[in-house]
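Asks: okay, structure incoming, though there's no sequence with it:
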Ligand code: DHB
């Protein structure tokens, strides 16, 4: 019997594959679809204090091999997500809130509110690239540290951080040292690669409207960067901080590579947006087939065991 179950701080997941925060997870109807699917958890859209309409459309575009988006955090406001948690509990899988404050006080206010809910886990998003005029917090190490220390003090739920991609070993080391100090239960690597540009050469035009066409890159383009982030943090972090891998996972082989690099769980973003809820079962079955071929029975058999060339 092949076992792809996983666990975060005592919370059991009956597989290791669920949705990334972002696509198709902003309303109760959409979240119910994730509940009825084979996703092992239900992760909600990043929420803010007040509801937001988000950026003008078109703001998401599928591209061969990926996607570009500049959604601008359209969401129903955190109170809506608090209210629907009881209804999502019927699926008997972990329900995870994603929190996107504009400053420390907003993060704190939302964490406190979710503390007194039945939500299982908190994902603190430090990496939205699409708010006009706001840099990504995850690239400001001082502000990140302040927020992460506050999370450690305030959160009564298992909590983790959604991080932007890093590209320089010095930055990995700076962030890892903050994380090893504040001990989140997990990190999620990576958010979309911010501020990419696609061009429709025939129209001589950008493909999304906000920010002059610049938006977060997802899908196959970002898998090597996502693997590098998972691997580098796996090397640098204390082993009790779990890593959740996301970025360009479309197949069981992709999933296998992320776990080999050190991921404990996996999220599907662009592949879920493109294929819909049946993607969770397909990728889970494909991962099990790879494990059978390799003679592995559970994720521990190969997690983090990526070989280097001496
Ligand atoms: C949005 C995009 C992100 O990558 C993110 O982490 C949060 C929000 C958005 O544009 O809605």
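Replies: Noted; the coordinates are in hand. These numbers were taken from a predicted model, which means no experiment stands behind them. Numbers count the residues shown, from 1 in each chain.
Asks: which ones are touching the residue of the stretch 201-310 of the chain found nearest the ligand?
Replies: Nearest residue of the stretch 201-310 of the chain to the ligand (C-beta to the nearest ligand atom) works out as residue 216 at 4.7 Å. Any C-beta I mention is one placed from the backbone N, CA and C, and that applies to glycine too. Each residue near residue 216 by C-beta atoms under 8 Å, 6 or more residues apart in numbering is listed here: 68-70, 129-130, 191-196.
Asks: just those residues now: which is nearest the ligand?
Replies: residue 130 (3.4 Å).
Asks: show me which residues of the stretch 51-200 of the chain are close to the ligand?
Replies: Contact residues (C-beta under 6 Å from any ligand atom) of the stretch 51-200 of the chain with the ligand: 70-73, 100, 125, 127-130, 191-192.
Asks: now for the residues you listed: which two are most distant?
Replies: Between any two of these, the greatest separation by C-beta to C-beta is 15.6 Å, found for 70 and 125.
Asks: assign the residue of the chain most remote from its centre to helix, strand or coil.
Replies: Farthest-out residue of the chain from its mean C-alpha position, per C-alpha atoms, centre = their mean: residue 202, at 34.0 Å. Recorded secondary structure, residue 202: coil (DSSP: H, G, I helix; E, B strand; the rest coil).
Asks: cool, and residue 259?
Replies: Residue 259 is classified as helix under three-state DSSP.
Asks: that one touches residue 266, doesn't it?
Replies: Yes - between residue 259 and residue 266 there is a contact under C-beta atoms under 8 Å: 7.5 Å.
Asks: quick revisit: which residues does the residue of the stretch 201-310 of the chain closest to the ligand bridge with?
Replies: residue 69 (DSSP bridges).
Asks: could you pull up phi and psi at the residue farthest from the centre of the chain?
Replies: phi -70, psi -40 (degrees, to the nearest 10).
Asks: and residue 62, that's in a helix?
Replies: No - with three-state DSSP as the criterion, residue 62 is strand rather than part of a helix.
Asks: and it, how many neighbours?
Replies: Other residues near residue 62 come to 15 when the count uses other C-beta atoms under 10 Å.
Asks: mind checking pLDDT for it?
Replies: pLDDT for residue 62: 98.
Asks: spatially nearest residue to it, not counting backbone neighbours?
Replies: residue 274 (5.9 Å; C-beta to C-beta, 6 or more residues apart in numbering).
Asks: what does whichever strand or helix holds the one you found rub up against?
Replies: Taking DSSP states H and E as the definition, one finds residue 274 inside helix 270-275. With contact meaning C-beta under 8 Å, 6+ apart, helix 270-275 is reached by 19-20, 22-24, 60, 62, 66-67, 218-219, 248-250, 279-280, 282-283.
Asks: so who does the residue nearest to residue 55 when sequence neighbours are not counted touch?
Replies: If the residues on either side of it in the chain are set aside, residue 55 comes closest to residue 72, at 3.3 Å by C-beta to C-beta, 6+ apart. Counting by C-beta under 8 Å, 6+ apart, residue 72 touches 52-55, 59, 130-132, 210.
Asks: nearest to the ligand among the residues you listed?
Replies: residue 130 (3.4 Å).
Asks: for that closest one, give me its contacts.
Replies: 55, 69-73, 194, 210-211, 215-216.
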